[in-house]
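In: Return a 3D structure for these sequence lines:
(chains A and B)
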2 protein chains.
Amino acid sequence: MSKNQQILLASRPTGPVTEANFQLVERDIPQAGPGQVLVRNHWLSLDPYMRGRMSASKSYAASVDIGEVMTGGTVGEVIESQNPKFQVGDFVVGSLGWQLYAASTGDGLAKVDPNLVPLSTYLGVVGMPGGTAWIGLLHHCEPKAGETVVVSAASGAVGAVVGQLAKMQGCRAVGIAGGKAKSEYVVKELGFDACIDYKAGHMYEDLKAACPDGIDCYFENVGGATMDTVFRLLNPFSRVALCGLISDYNLTDPYGVKMIRSLLVNRVKLQGFIVFDRQDLYQQAIPKLAKLVASGRLKYRESVAEGLQNAPTAFIGLLAGRNFGKQLVKLV
Amino acid sequence: MSKNQQILLASRPTGPVTEANFQLVERDIPQAGPGQVLVRNHWLSLDPYMRGRMSASKSYAASVDIGEVMTGGTVGEVIESQNPKFQVGDFVVGSLGWQLYAASTGDGLAKVDPNLVPLSTYLGVVGMPGGTAWIGLLHHCEPKAGETVVVSAASGAVGAVVGQLAKMQGCRAVGIAGGKAKSEYVVKELGFDACIDYKAGHMYEDLKAACPDGIDCYFENVGGATMDTVFRLLNPFSRVALCGLISDYNLTDPYGVKMIRSLLVNRVKLQGFIVFDRQDLYQQAIPKLAKLVASGRLKYRESVAEGLQNAPTAFIGLLAGRNFGKQLVKLV
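Out: Numbering: from 1, shown residues only, chains lettered A, B, ... in the order given. Next up is the predicted model:
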């Protein structure tokens, strides 16, 4: 390929994201300037947080400007280097955006070993989603053996790791997922003790049955009615790690959470968190996650879209829960 | 008086509490049995948490049964003693309920000194509400000098102490109260930097103007639309001490809080808490609060209803915000 391809933010969504919010453009492949590297991206990560970047409203990171390349995590190969820290042939993970090639100073790029674990996992179970699960569960929820841990979006990139780590801590792991196939996968493949299909229409009754001793830790990826349902079953002194609210991201009028009283009555600690705030913990987590994946103890699943041009459709599907496992775009 | 008077829970409220939920009865004055004391209550405390005790639903403490004496904090004088730890003439604070006289084993009774601070303050600023303010602000919010602390129900028994302690920590203290008189009192008498009258109809604009640097700590007594408004102005890494939700207590359908996303985006810690869980901190707080009151550094205000028969009306008024300062019932 002699051209770079990029996907730009064409317009800001009001409500659901549509294809029209994106624009695919061709540009010349950049060159590595002094001190820079040129990276050919092999994989692009699609993650719910990107929805926030598409809006102009205040979030924890700056919005993407209209006409700018969409931000996104990538893993790729160094194909030119004028930076002594990197050699041609190195594989690097970073945030080079929705594009095939990118020149970079090297800041924010980390070398990864494609022989230890598959390259794509550095964007998932051994990357930001895995690190998010690690920090949210172990640091914010502090689960103790015998406690019940519930995680929403349980078959997703973060949720799958949360439940498996909870099992390793000696906890009862209960997932909430959308649809029978995902729920079965969570139990049979990932080894959760139970998984509720929220689409079955009786989430409260099902969750209550799956959590006979109530809920001690809740790892929240979804929000909305799911949050309200879980809040009804929280135990005294339980902990909620607030990681995401994917059910709200496409709403112009967010869901109103009614069960705040449960947080008071049960003296709950709720902690909103972002993985990037704890680089210290992240750096500890990644090698441990890689070891667990390499040894087969930590399982994962990927949804792969082929080609950058399919990234918008895949992203829209991710926000609607149509992915099954970590959503990636294969670029090479 | 040759008879005891008691107020019983006659029926459980559905929605707003009414007089019909209570029943005043006369009984013989009990005697102090072996190991017991007989206390003549001088003051009864009325507090929002009692609304929870009137309901059958799960809360952090057992419900009052129908036909049982309403629970409530009291301060009174020992008039008979068969317990070597107490002498006739001792003043004791405890939870002897909505009645004029009570026999007690002495468990849960603490001697207080009516010469150090006025007897009634052991139910307010030097009692449970003051201790609640202390623990919620200093322990859960951990305010740093220069930060902005907001408290709802700012002229109330808890809120008034929160703001004054915040000022002592070098913070900007901003209250939210109902009506002009309360708001003026909070600023002019209690020394808060600002106070918003939520009844004025533009709470968000007023609060934003009063908090030019955003909100770092929020001490929540009210919930509902007030919570949503404050959540919009929270700073990154802010802390919310969830102490009460008085605006919800009389609702059969609670308010839905829409701004949960602010807790995520700003990585907020929200902690529900109950003063009784931290006896260690409480025991440290009370003598310090007494000293601050005795020296005049900590101000307080009381709403006094005269006579046990007026307790139900006063309690209904408290839930509607008609009290002004700590609500008490004078029994002697």
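In: contacts and neighbour counts: CA atoms only from here.
Out: Fine.
In: near chain B, which residues of chain A?
Out: Proximity of chain A to chain B (C-alpha under 8 Å from any C-alpha of the partner chain) is limited to residues A:59-60, A:242-245, A:254-261, A:263-274.
In: can we see that at 6 Å?
Out: A:59-60, A:254-258, A:263-265, A:267-273 (C-alpha under 6 Å from any C-alpha of the partner chain).
In: Tell me where chain A has helices.
Out: A:50-53, A:128-134, A:159-168, A:180-188, A:203-210, A:224-231, A:246-249, A:260-265, A:279-294, A:311-319 (DSSP state H).
In: Quick one: closest of these to B:Val149.
Out: Nearest of the helices of chain A to B:Val149, taken as C-alpha to C-alpha: helix A:260-265 at 19.6 Å.
In: I'd like the mean pLDDT over that closest one, please.
Out: Mean pLDDT, helix A:260-265: 96.
In: quick check, distance from that helix to the centre of its chain.
Out: 28 Å (C-alpha atoms, centre = their mean, to the nearest Å).
In: got the CA coordinates for it in CSV?
Out: The C-alpha trace of helix A:260-265 is given here as CSV (Å, rounded to 0.1, in the frame of the first residue of the first chain):
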residue,chain,number,x,y,z
ILE,A,260,-28.9,5.9,45.6
ARG,A,261,-30.4,5.2,49.0
SER,A,262,-28.8,1.7,48.9
LEU,A,263,-25.4,3.4,48.8
LEU,A,264,-26.3,5.3,52.0
VAL,A,265,-28.0,2.5,53.9
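In: so who does the one residue sitting closest to the centre of chain A touch?
Out: Closest residue to the average C-alpha location of chain A: A:Pro129 at 4.1 Å, with C-alpha atoms, centre = their mean. For A:Pro129, the contacting residues are A:157-158, by C-alpha atoms under 6 Å, 6 or more residues apart in numbering or on different chains.
In: Would you mind measuring from it to chain B?
Out: 16 Å (C-alpha to the nearest C-alpha, to the nearest Å).
In: distance of that residue from A:Tyr282?
Out: Distance of A:Pro129 to A:Tyr282, computed by C-alpha to C-alpha, to the nearest Å: 11 Å.
In: Equivalent analysis for A:Phe231, please.
Out: Taking C-alpha to C-alpha, one finds A:Phe231 at 28 Å from A:Tyr282.
In: if I look at the closest residue to A:Ala314 other than its chain neighbours, how far off is A:Glu77?
Out: Nearest residue to A:Ala314, sequence neighbours excluded (C-alpha to C-alpha, 6 or more residues apart in numbering or on different chains): A:Ala305, at 6.5 Å. Per C-alpha to C-alpha, A:Ala305 is found 19 Å from A:Glu77.
In: helices and strands around the helix or strand bottoming out on mean pLDDT in chain A, which ones?
Out: The helix or strand of chain A with the poorest confidence is helix A:246-249; it has a mean of 88 (mean pLDDT, DSSP states H and E). Using 3 or more C-alpha pairs under 6 Å, 6 or more residues apart in numbering or on different chains; DSSP states H and E, no helix or strand is in contact with helix A:246-249.
In: what comes into contact with it?
Out: A:222-223, A:254.
In: circling back: number of nearby residues for the residue nearest to A:Ala314?
Out: A:Ala305 has 21 neighbours, counted by other C-alpha atoms under 10 Å in any protein chain shown.
In: and what of A:Tyr101?
Out: 27.
In: Beta-bridge partners for it, please?
Out: A:Arg40 (DSSP bridges).
In: Next, find the distance separating it from chain B.
Out: Where chain B is concerned, A:Tyr101 sits at a distance of 30 Å (C-alpha to the nearest C-alpha).
In: Same check on A:Asp216?
Out: From A:Asp216 to chain B the distance is 14 Å (C-alpha to the nearest C-alpha).
In: Could you break chain A into its assigned domains?
Out: A:3-123+A:300-330, A:128-276 (automatic domain parsing).
In: for these, which one sits closest to B:Phe315?
Out: domain A:128-276 (20.5 Å).
In: Start and end of that closest one, how far apart?
Out: 9 Å.
In: give me the low-pLDDT residue ranges for the stretch 201-332 of chain A?
Out: The stretch 201-332 of chain A contains no residues with pLDDT under 70.
In: 90 - rerun?
Out: Within the stretch 201-332 of chain A, the segments meeting pLDDT under 90 span A:248-252, A:321.
In: Verify the contact between A:Asp145 and A:Ala173 for me.
Out: Residue A:145: Ala, not Asp. No - if you go by C-alpha atoms under 6 Å, A:Ala145 and A:Ala173 don't touch, sitting 10.9 Å apart.
In: Just want to know which of those two has more residues nearby.
Out: Counted by other C-alpha under 10 Å, A:Ala145 and A:Ala173 do not tie: A:Ala173 has more neighbours, with 31 against 13.
In: Could you check how far the more buried one is from A:Val158?
Out: According to C-alpha to C-alpha, A:Ala173 and A:Val158 sit 14 Å apart.
In: List the contacts of the nearest residue to A:Ala157 once chain neighbours are set aside.
Out: Leaving aside its sequence neighbours, A:Ala157 sits nearest to A:Lys326 (C-alpha to C-alpha, 6+ apart; 4.4 Å). A:Lys326 makes contact with A:156-157, A:302-303 under the criterion C-alpha under 6 Å, 6+ apart.
In: mind putting those residues in a markdown table, neighbour count included?
Out: Putting the contacts of A:Lys326 into a markdown table (neighbours: other C-alpha atoms under 10 Å in any protein chain shown) gives the following:
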| residue | neighbour count |
| --- | --- |
| A:Gly156 | 27 |
| A:Ala157 | 27 |
| A:Glu302 | 18 |
| A:Ser303 | 18 |
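In: Could you let me know which of those residues ends up closest to A:Val88?
Out: Nearest to A:Val88 among the contacts of A:Lys326, with distances taken as C-alpha to C-alpha, is A:Glu302, at 27.9 Å.
In: Next one: the closest one relative to chain B, how far apart?
Out: 26 Å.
In: so that residue makes contact with A:Gly325?
Out: Yes - counting by C-alpha under 6 Å, A:Glu302 does reach A:Gly325; the two are 4.8 Å apart.
In: Tell me, how many residues neighbour the residue lying closest to A:Val117 once chain neighbours are set aside?
Out: Of all residues not flanking A:Val117 in the chain, A:Ala294 sits nearest, at 5.9 Å (C-alpha to C-alpha, 6+ apart). Neighbour count of A:Ala294, defined by other C-alpha under 10 Å: 15.
In: on that earlier part again, quick one: the residue nearest to A:Ala314 and A:Val329 touch, right?
Out: Yes - here A:Ala305 reaches A:Val329: they are 4.7 Å apart, a contact under C-alpha under 6 Å.
In: per-residue confidence averaged over stretch A:50-66?
Out: Mean predicted confidence for stretch A:50-66 is 85.
In: Can you give me the pLDDT of the residue nearest to the centre of chain A?
Out: 96.
In: and what of A:Gly124?
Out: 97.
In: now, of the domains of chain A, which is deepest in the fold?
Out: Scoring the domains of chain A by mean neighbour count under mean count of other C-alpha atoms under 10 Å in any protein chain shown gives domain A:128-276 as the most buried, with a mean of 22.
In: Now find how far off-centre that domain is within its chain.
Out: With C-alpha atoms, centre = their mean, you get 14 Å for domain A:128-276.
In: Let me see the backbone angles for A:His179.
Out: Residue A:179: Gly, not His. phi 100, psi 160 (degrees, to the nearest 10).
In: From one end of stretch A:253-261 to the other, what's the distance?
Out: 22 Å.
In: Okay, strands next: where are they in the stretch 51-200 of chain A?
Out: With strands called from DSSP state E, counting those that start in this stretch, the stretch 51-200 of chain A shows them at A:74-81, A:91-94, A:101-104, A:110-112, A:148-152, A:172-177, A:194-197.
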